[in-house]
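J.: I'll drop the sequence and a predicted model, then ask my questions.
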Amino acid sequence: MKSIQQLAAAAAVAALLSLPGFAVSAATDPALQVAPADGWGAGTVGGSAATPDHIYTVRNRAELLNALANAGNAAKIIKVAGTIDMTEGTPFANTADQKVRARIRLTSNTTLIGEGPGAGFVNAWIDITSVSQVIVRNLHIVAPCDVGPVWDPTDGALGNWNSQYDAIGIVTATQVWIDRNTITDAPVTDDTLPIENGKIKQCHDGAIDITKGADLITVSYNVVTQHDKSMLIGGSDSLTSDAGKLRVTIANNVFDGTGQRVPRVRFGQVHVFNNYFVGSKTANPYPHLYSIGLGKQGNVISHSNVFAIDGATGCDSVVMYPSSDQTGVFQDSGSTVNGAPLGACTVKSGTPFTPGYAYKPRPVALVKANALAQAGAGKFTTQISGNGNVDNVAGTKVPAANETGVHTDTALSLSFDATPAIGTAGKINVYRASDDVLVDSIDVSPAPSATDTQTVLARTNLEIDALGLGAMPDGATWARYVWYRPVTVKGSTATVKLHSNKLDFGTTYYVTMESGVLAGTIKGANFAGIAKADNWKFTTRAAPASYTSLRVDDTGSTADFRTLQGALNWVMKYCSTNSAASYGCNTVATPKVITLGNGRYAEMNILRKVSNLSIVGESRDGVVVGDVNFESLNSGSGASSASAGTALSTSGKTVGHRVLGGGRASFLIETSDLLTLQNFTLTNPHVRSTSWDNQAETIYFNTSTTAAAARLVAKQMNFFSQQDTLQLKGYTWFYQSLIAGNVDFIWGSVMASLFEDCEIRSVADTASSSPGFILQSRATAGDKGFIFLNSALTAESAVTQAYLARSGGTTATTYTDHIAFVNTKMGPHILPEGWCVGTGTSKTGTGTGTCGSNPPSWAGTADGGTTEAVGWREFGSMDLNGSPLDVGARLGIASVKVNNVPTNIQLAKQLGSSAGLTSRAEIFQNSTIATGAPGGWVPAP
């Protein structure tokens, strides 16, 4: 008949198997296993019944503590990935600091398990106190070293150093299984410690100590090595209440180089079987004193243990009374010392207890091999996975309740036990606390898009934002109007992006949230919304001290703003060309700087009528700015306006979607001269799909197409998108930057656009298998167009074909296909023909090429063909190794039907010289904005 403990374990596993979402079965994954039946810990199921939202993978101290806090006493599995140092790189200042930061206090119903080899802890104290149902497995634990050992002159004849903090301390806990762990002092072994008061200044306490009435515990298949006082069971002779408790099974472990206490037992009923003890009486460090010590009323039965201790002879060399109290008893069957029977012992045999479980020790001849093969950490891996929140404590709010100094462009966030779902109805409201005035409202229902008739875009969680509202120089209602998704979920945290520029400086607000906004649990309770009485209240910080020097950071408290748009709003309000001169920054003569701290800034942006602004990142890859935007969401190139558009789209894949007018770029810049972007990443993370109209710019630099057009400088930048990464006008210089995309990803109506020492990377197209196109030039006649100087055309490994350019021309367009690649390295993905011409029609005529329906280029010449000065041109093209590139197959003179008559026209050309194309002064010669006359602008690194 099965015991009650065994039945409980079986029931827990059966219940677990009925739950969805597990990566493996209970029969195979160690994280779902329960304590074996042949030990006092039988019936220990730990967290094996955890649901997916209570399965956590932790990689650092913060994640571990968050997981423990979030799960509470619910069944939980905490999987440790890698080694966690509880000091987090900052050494413990003192014992009190160590007591707080080293402690891993496990709660009931927990399985703490190493993911695989290399998982474990340094500077940790695993505290299992006054709880039940705990499993600790597969961890490599470096025993904690007390930073403040205490000298006790009364300890022993000569005094001793005493330390706190066990590797694993089990106190007043029940149903605990400690299995397949490795515990060691190394690298801080006793021979590395100083000698003070004539004794080693011992900093280690127990490896696995079990005290104060702890009960029903199995310690199996562990390796304890290079450690002195290894396992204390029963902490004091005075704790007579321990009698009848401290029932512990110690089976199949390896104790290698342990000095003593393996175990030392007071009061407990301890069963020790099939363990392998190895060491030496003369070892340095850790000379063997004894293995099993009998203290007050301790009762130990031993079966088939192997003692391989150099210098040991007979039972008394491994089993003894370590103190004057000799009321403990010991009985053995089948154990050996150095190959000989254990024999008679000085310790009393007394009356053995009867274990409350069935057991069958393996023959002593098999003990060593079995223990060495199976004991210790890293012998298995667990594949269990779940979505438990390790990022923060469930219920965490940002801003925190009653927080002060909050940024006016803060986002709101709320953390759950696991990933919450965004609802289909409900509002998030922000009120001014002084008078209960509603200052912002987010509606996740379809109401904001009520006029839409389309069904392709999800209309829940779709809001209209007015970027720059209240900050633009043109008027109070002027803004960039766009659709956006206000509520996002990452991991277990939901974040709400409020409408632009809604919060004032130095003002207190409170937040309410209806229950339908989010679905999930917080500390096990279903989310029921947030009311005014819940006091989610915060106060914003004072206004920045400067108009011209601002810092943005998504963390910390010293920055002026949390978002780039927050800083842009401030600069536009006070330093635009329409701002009052009294602010001292409304002209190009006054430099303005926005510094971006490392972080991810998921936002669309607008800058209008600001001159001489530099936006500088802390690091090129560490600062990432940009949010998803694309043609089906916000159609057109876009512009700011005095009101949101109301017309519905009549073409494309989202017919019936309201066109607001703000356009598909992530960052829109209008009539802003001498904008410098430096040392960060600008991205539009939209992923192309056959479901959408995918045109999606990272940046649209919108200015005039005259000699007085505005200027853009990009230095040491990354620009990422999957389609039209750059849409440009005016005069632009890209220097030592990376531009990535796939379909006409550099285009626009430029005067002159120079890409110098840049990487132009073609990326995979997730919506098409057709070759991509780097350029579509719509250059202004009479200027330099697009020029690539000393740059490289590269590609992702999945990209095998791309054209240099295609034309977007028609019979009516006035722009020119004006491009020059000068001394450019080109990867093998560039097709031998180079330039794309199909069967379309432009002012040049109708193409007869094979590149789809794309028209022939038009250079503005008499026949539309390329010359040395204008059109599709190359000079000095190289492969990626710098060797001259074979361009013999390049498109050159080709047949074009002009008035339906086949005519040979120079559509692309290899230049005979790079004259006029190798210096910035020559390329930007026509710009007049700096001085009113040509040649006034020569940008410099």
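T.: Noted; the coordinates are in hand.
J.: only C-alpha atoms from now on, for both contacts and neighbour counts.
T.: Noted.
J.: tell me the confidence at Leu158?
T.: pLDDT recorded at Leu158 is 89.
J.: relative to Asp191, how far out is it?
T.: Separation of Leu158 from Asp191 (Cα to Cα, to the nearest Å): 20 Å.
J.: then Ala425?
T.: In terms of Cα to Cα, Ala425 sits 67 Å off from Asp191.
J.: please say which of those two ends up with more neighbours.
T.: Ala425 (17 against 12; other Cα atoms under 10 Å).
J.: wait, isn't that one in contact with Ser445?
T.: Yes. Using Cα atoms under 8 Å, Ala425 makes contact with Ser445 at a distance of 4.3 Å.
J.: any shared contact partners between those two?
T.: Applying Cα atoms under 8 Å, 6 or more residues apart in numbering, one finds that Ala425 and Ser445 are jointly contacted by Thr460.
J.: quick check: which ranges of this protein have low pLDDT?
T.: 1-27 (pLDDT under 70).
J.: alpha carbons only: can I get the strand of greatest length in it in CSV?
T.: Counting residues, the longest strand in the chain under DSSP state E turns out to be strand 743-756. Provided in CSV are the C-alpha atoms of strand 743-756 (Å, rounded to 0.1, in the frame of the first residue of the first chain):
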residue,chain,number,x,y,z
VAL,A,743,13.0,48.2,-51.8
ASP,A,744,14.1,51.7,-53.0
PHE,A,745,15.4,52.2,-49.5
ILE,A,746,17.2,55.4,-50.5
TRP,A,747,15.0,57.8,-52.5
GLY,A,748,13.6,61.3,-52.7
SER,A,749,13.7,64.6,-54.5
VAL,A,750,17.1,65.7,-53.5
MET,A,751,19.3,68.6,-54.6
ALA,A,752,22.5,66.8,-53.6
SER,A,753,22.8,63.8,-51.3
LEU,A,754,26.3,62.5,-50.5
PHE,A,755,26.9,59.1,-48.9
GLU,A,756,30.6,59.1,-47.9
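J.: that strand: how far from the chain's middle?
T.: Relative to its parent chain, strand 743-756 has a centroid offset of 34 Å by Cα atoms, centre = their mean, to the nearest Å.
J.: so what touches the helix or strand just after that strand?
T.: Going down the chain from strand 743-756, the next helix or strand is strand 759-762, by DSSP states H and E. Applying Cα under 8 Å, 6+ apart, the external contacts of strand 759-762 come out as 736-742, 772, 774, 791-796, 799, 802.
J.: can you check stretch 537-551 too?
T.: By Cα under 8 Å, 6+ apart, stretch 537-551 touches 399-408, 503-511, 559-561, 567, 570-571, 574-575, 583, 585, 591-597.
J.: got the buried residues for that stretch?
T.: Judged by neighbour count using 16 or more other Cα atoms under 10 Å, the buried positions of stretch 537-551 are 537-541, 544, 547-551.
J.: mind listing the helices for the stretch 1-150 of the chain?
T.: 4-17, 61-71, 95-101 (DSSP state H, counting those that start in this stretch).
J.: meant to ask about the chain
T.: 4-17, 61-71, 95-101, 364-374, 564-575, 920-923 (DSSP state H).
J.: taking those helices together, which one is wrapped up most tightly?
T.: helix 564-575 (a mean of 25; mean count of other Cα atoms under 10 Å).
J.: give me the contact list for that helix.
T.: Outside helix 564-575, the residues that reach it (Cα under 8 Å, 6+ apart) are 408-409, 467-468, 470-473, 500-501, 547-548, 550-552, 560-561, 579-580, 583-587, 594, 596, 601, 603-610.
J.: and what of stretch 55-62?
T.: For stretch 55-62, the external contacting residues (Cα under 8 Å, 6+ apart) are 64, 67, 76-86, 88, 384-392.
J.: rerun that using 6 Å as the cut-off
T.: 64, 76-81, 84, 86, 386, 388 (Cα atoms under 6 Å, 6 or more residues apart in numbering).
J.: check stretch 99-108 too.
T.: The contact list for stretch 99-108 (Cα under 6 Å, 6+ apart) reads 73, 86, 124-128, 131-133.
J.: if you set the cut-off to 7 Å instead, what comes out?
T.: With contacts defined as Cα atoms under 7 Å, 6 or more residues apart in numbering, stretch 99-108 is touched by 72-73, 86-87, 123-128, 131-134.
J.: ditto for stretch 272-281
T.: Against stretch 272-281 from outside (Cα under 7 Å, 6+ apart): 249-258, 287-289, 301-312, 361-362, 367-368, 371.
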